[in-house]
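Visitor: Show me the folded form of this:
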Amino acid sequence: MTRIYMIRHGKAAAGWDGDADPGLDALGQSQAEAVAETVQGLIDAPVAIFSSPLKRCRETAAPLAKAWGQTLQIEAGVGEIPPPIDDLNARTQWLRRVMAGTWDGLYSDAVSADSGIDFRGWNDNVLATLNAMQGEAVVIFSHFIALNAAYCAATGATDVVSFAPANCSLSTFETDGRTLSLIEQGAETDDMKIALGKKS
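Guide: I've put the predicted structure just below:
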C-alpha cells in the first residue's frame, strides 16, 4: 500500500478569468510554508514530491522540497482539468457550469465534446497516475478538480464537486495499485460550497 498525501495548491494570484497560469499571491505563499510544516510533522523522513506542471502547484510544493532537499518531480497526470475554451472569461463560465454538475454530465457536455477533449480519459489518467504511485508514501500538489476525481473514485460520489478542498487542504488516500481508498478528507472552503449551492 502507498499512502498519498494530496494537497491543493495555495491561493493563486489570479483566477481562471485573470491568468492562464498564475503563481501564488502572498497568502498562498504563507499557506505553502504552513502546509510544508504540516507534512513534515506527518511524515518521519523525506519521500518523493510530485507536482502539477502549473506554477501555482510548483510554488506551493517549493517550501517542502527545499526543507527536504528534494528535487520536485513534475507530473502532468495530476494537472488541472483541461479547459475546452481559450477565452479566459468564457472558460470561467464553462468551469462554473461543470463544477455544478456530475461527471457523466461533463462527459456528455456539448462544449466539451465539440472541443475534442476526452474528459473521461483525463479523469481516468488522474486515477491511473495516483494508483501507479509507489513507495511507503508520496506527496502530491494538485488542483481542486483533480482532488475531486480522487475523492469520487475513493468514495463513489458522482458530483464533479463532491467536496470543496480549501487552498492547501491536505487529503490522505491509499492505493493498492488498483484502487484508491480515502483515509482522511482535507479541510473544505465554505466559499466554494456556497457558490455552488452545496452548503450544508
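
Visitor: who touches the lengthiest helix in the chain?
Guide: In the chain, taking DSSP state H as the definition, the longest helix is helix 26-42. Helix 26-42 is contacted from outside by 5, 7, 9-13, 24, 56, 59-64, 67-68, 139, 167-168, 170, using Cβ atoms under 8 Å, 6 or more residues apart in numbering. Yep, even glycine has a C-beta here, placed from its N, CA and C like the rest.

Visitor: lowest-confidence helix or strand of this protein?
Guide: helix 190-195 (a mean of 59; mean pLDDT, DSSP states H and E).

Visitor: Would you mind measuring the gap between the ends of stretch 39-46?
Guide: Across its full length, stretch 39-46 reaches 10 Å between end residues, using Cα to Cα, to the nearest Å.

Visitor: switch to numbering from 133
Guide: Sure thing, new numbering starts at 133, so read that last one as stretch 171-178.

Visitor: in what helix or strand does the residue located most distally from the centre of the chain lie?
Guide: Ranked by distance from the centre of the chain (Cα atoms, centre = their mean), the top residue is Asp246, with 25.0 Å. Following DSSP states H and E, one finds Asp246 within helix 242-247.

Visitor: Point out the other elements, helices or strands, that that helix touches.
Guide: In terms of contacts (3 or more Cβ pairs under 8 Å, 6 or more residues apart in numbering; DSSP states H and E), helix 242-247 is packed against no helix or strand at all.

Visitor: For it, list every residue counted as buried.
Guide: Val243, Ser244, Ser247 (16 or more other Cβ atoms under 10 Å).

Visitor: Closest one to Asp236 out of those, please.
Guide: Nearest to Asp236 out of these is Ser244 (Cβ to Cβ; 11.8 Å).

Visitor: doesn't Phe251 make contact with the closest one?
Guide: Yes - between Ser244 and Phe251 a contact is recorded at 5.6 Å, counting by Cβ atoms under 8 Å.
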